[in-house]
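S.K.: here are the coordinates; sequence isn't available:
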């Protein structure tokens, strides 16, 4: 039996469509996430239609902080793309550094969001809608997104640990691609939330 025949079996079974089952699974999962966030956004928009947005809470300093935080998340999407590109090229060091950068940027985003929450609570925007009914959907929407970012940071941290142990090669890096799909989805969702919550 030659070497080619030994390497023929795929590491992950493909569906009848020819797509890796894991990739198909992540796309189905992201489809359900689109419906989940769409419902939360609908709740937020309905609340906005009947409630005055507390502009005094989202002052210039808050907008500046969240704009910078959004920029960090966008950069993390770029570093995630780089990690996959370097994995495909077999550049182990660059792949590890890119994954590390993605983890650090994601963790920084969540930290800044926690700092923002602390400031908003002290300025009177509570999660129970008093004095602003706006507070409830705001924390619900941004909070769930924050949990998704935390999940993505944890996933990428696991990838980084595996990468440090030599777990990825030019031929075997599909886990990085799957994590990247999730991470880019989380970033796109935040850009939408940033626009409708802070800019409109």
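M.R.: Everything's here; your move. What you are looking at is a predicted structure, and each value in this text was computed from that prediction instead of being measured.
S.K.: Quick check: end-to-end length of stretch 156-176?
M.R.: Distances were taken as CA to CA, to the nearest Å; on that basis the terminal residues of stretch 156-176 are 8 Å apart.
S.K.: contact partners of that stretch?
M.R.: With contacts defined as CB atoms under 8 Å, 6 or more residues apart in numbering, stretch 156-176 is touched by 11-12, 20, 22-23, 80, 83-84, 87-90, 92, 95-96, 99-100, 102-103, 106, 179, 183. C-beta coordinates here come from the backbone N, C-alpha and C atoms, glycine included.
S.K.: How about stretch 96-116?
M.R.: Stretch 96-116 is touched from outside by 62, 65-66, 68-69, 72-73, 75-76, 79-80, 82-83, 86, 142, 146, 149-150, 152-153, 156-157, 159-160, 163-164, 176, 183, with contacts defined as CB under 8 Å, 6+ apart.
S.K.: on that earlier part again, which among the contacts of stretch 156-176 end up buried?
M.R.: Applying 16 or more other CB atoms under 10 Å to those, the neighbour count classes 20, 22-23, 80, 83-84, 87-88, 92, 95-96, 99-100, 102-103, 106, 179, 183 as buried.
S.K.: got the buried residues for the helix or strand containing residue 34?
M.R.: Here residue 34, judged by DSSP states H and E, is contained in helix 21-50. Within helix 21-50, the residues that qualify as buried are 22-23, 26, 33, 37, 40-41, 44, 47-48, counting by 16+ other CB under 10 Å.
S.K.: what do you get for stretch 57-70?
M.R.: 57-58, 66, 69-70.
S.K.: Tell me which of the residues you listed fall in helices.
M.R.: Using DSSP state H, the members of the buried residues of stretch 57-70 that fall in helices are 66, 69-70.
S.K.: Just put those residues in JSON lines and tack on pLDDT.
M.R.: JSON lines is the format used below for those (pLDDT from 0 to 100):
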{"residue": "66", "pLDDT": "94"}
{"residue": "69", "pLDDT": "97"}
{"residue": "70", "pLDDT": "97"}
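S.K.: tell me which of the residues you listed is nearest to residue 121?
M.R.: residue 66 (15.6 Å; CB to CB).
S.K.: Surely the closest one and residue 194 touch.
M.R.: Yes. With contact defined as CB atoms under 8 Å, residue 66 and residue 194 form a contacting pair (6.6 Å).
S.K.: okay, now residue 142: neighbour count?
M.R.: Summarising burial for residue 142: neighbours were counted as other CB atoms under 10 Å, giving 22.
S.K.: any idea which helix or strand carries it?
M.R.: For residue 142, the enclosing helix or strand under DSSP H and E is helix 135-164.
S.K.: How about that helix, which residues are buried there?
M.R.: Of the residues in helix 135-164, those buried by neighbour count under the rule 16+ other CB under 10 Å are 135-139, 141-142, 144-146, 148-149, 152-153, 155-157, 159-160, 163.
S.K.: and which of the buried residues of helix 21-50 is nearest residue 128?
M.R.: Looking at the buried residues of helix 21-50 and their distance to residue 128, the nearest is residue 47, at 13.6 Å (CB to CB).
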